[in-house]
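Engineer: Predicted structure and sequence below. I'll ask about it afterward.
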Amino acid sequence: MKYTFLPNTDLKVSKVCLGTMTFGEQNSESDAHSQLDFAIEKGINFIDTAEMYPIAAREATLGHTERYIGNWLKKSGKRDDLVIATKIAGPNRGMDYIRKPLNFSKKNIHEAVNLSLKNLQTEYIDLYQMHWPERVMNMFGQRGVSKIDPNWQENFFEVLSVYDGLIKEGKIKHIGVSNENPYGVMKFISESEKHNLPRIVTIQNPFSLLNRLYEVGLSEIGMRENVGLLAYSPLAFSFLTGKHLNGTLSGSRLGLFPQFTRYSNDNCHKATKLYKELAESNGMTLTQMALAFVNQQDFVTATIIGATSIAQLQENIAAFETVVTPQLLSEINTIQEIIPNPAP
């Protein structure tokens, strides 16, 4: 296992981060604990979760994932050996059952942090992330912003001030954003520098062979401002295993949750077929090539992987030993030029 540091921190993290959004929906608590045991055995020390997990989010299972992790942390006694990241749910997600209004007010942030601490059975959170921006912007299924949210009032300073207080209390150590765009990232950075407030250290956004939109604007910001990408969905909801090319969705996340359609359009099928043929012609599986491609990007701090079985988890972790050569990268980029970013 290879390790790095979360940017501008002393937190040493594995390049592979265990994603946990299946815990409580597709995976039982026993499954979750087995995955955690296996991941730690393989050298993973970085675990990512969220208050709204498991996915697909629903009121009946809200918080199950954090509670499963918390029970495991208590049982294992490994809390101080690990870096734990979680997230506050942002608005505009149709989840008013979490709290009303679902925004980043001081009251809501404190409530969310305290509940996560309770669920995780820990005294501190290493990385606390904002799961979506507060303003309405590009959500899944669209590539950009064509209208400005008229109802949102800029509050970057106020939000950072709340996190400053929580850091001073010792409840969180560092902060990050998720599903953000260049505007939000730069505003958080500029406000933190202007007022000597906590600086975001990571961006958790999707990044894969089917979605390289992070490279448009955010990658330069990340590298120049030393904000690391925590790349999620590197296998595009398992589409980049190649197993869905024949149309079979039974038992998979895409089959269980048909509302997640962004990786299953015609262009995703066409691009995935080309990537699969390329991987196999280079003596590797599509899974290996897809994960290795993400892992080797200079702007990626860690890649978040998830699985529903130990066998899948083992395969995914092993794929990080694969190397994408410059020649293979060139061929990958040729496919990207033909079918750019088919998953919005």
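Structural biologist: Great, that's in hand. Numbers count the residues shown, from 1 in each chain.
Engineer: what ranges do the helices span in the protein?
Structural biologist: Assigned by DSSP state H, the chain shows helices spanning 29-41, 64-76, 106-120, 156-169, 182-195, 218-225, 253-256, 266-281, 286-295, 310-318, 326-338.
Engineer: what about those helices, which gets the closest to residue 239?
Structural biologist: helix 266-281 (5.9 Å; CB to CB). From N, CA and C alone the C-beta is placed, and that goes for glycine too.
Engineer: who does that closest one touch, helix- and strand-wise?
Structural biologist: With contacts taken as 3 or more CB pairs under 8 Å, 6 or more residues apart in numbering; DSSP states H and E, helix 266-281 sits against helix 286-295, helix 326-338.
Engineer: what would these look like in TSV with distance to residue 246?
Structural biologist: Converted to TSV, these look like this (distance: least, CB to CB, whole Å):
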stretch	distance to residue 246
helix 286-295	14
helix 326-338	20
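Engineer: among these, which is the most enclosed?
Structural biologist: helix 286-295 (a mean of 24; mean count of other CB atoms under 10 Å).
Engineer: for that helix, packing partners?
Structural biologist: helix 266-281, strand 300-305, helix 310-318, helix 326-338.
Engineer: Which of the ones you listed sits closest to residue 86?
Structural biologist: Among the helices and strands packed on helix 286-295, the nearest to residue 86 by CB to CB is strand 300-305 (12.8 Å).
Engineer: list the contacts for the residue lying closest to residue 241 once chain neighbours are set aside?
Structural biologist: With sequence-adjacent residues excluded and distances taken as CB to CB, 6 or more residues apart in numbering, residue 241 is closest to residue 287, at 5.0 Å. Shown in contact with residue 287 (CB atoms under 8 Å, 6 or more residues apart in numbering): 235, 240, 241, 242, 315, 316, 319.
Engineer: Check the spacing between the first one and residue 208 real quick.
Structural biologist: For residue 235, the distance to residue 208 (CB to CB, to the nearest Å) stands at 7 Å.
Engineer: What of the third one?
Structural biologist: When CB to CB is the yardstick, residue 241 and residue 208 sit 12 Å from each other.
Engineer: right, and residue 208 touches residue 240 too?
Structural biologist: Yes: Residue 208 is within contact range of residue 240, at 6.2 Å (criterion: CB atoms under 8 Å).
Engineer: what residues do these two have in common as contacts?
Structural biologist: With CB under 8 Å, 6+ apart as the test, residue 208 and residue 240 both reach 234, 290.
Engineer: Between these two, tell me which one has more neighbours.
Structural biologist: residue 240 (29 against 24; other CB atoms under 10 Å).
Engineer: that older thread, which one (most neighbours) among the contacts of residue 287?
Structural biologist: Counting neighbours by other CB under 10 Å, residue 240 comes out on top of the contacts of residue 287 with 29 neighbours.
Engineer: For the closest residue to residue 336 other than its chain neighbours, what are phi and psi?
Structural biologist: The spatially closest residue to residue 336, leaving aside those adjacent along the chain, is residue 212, at 6.5 Å (CB to CB, 6+ apart). The phi/psi pair for residue 212 (degrees, to the nearest 10) reads phi -110, psi 30.
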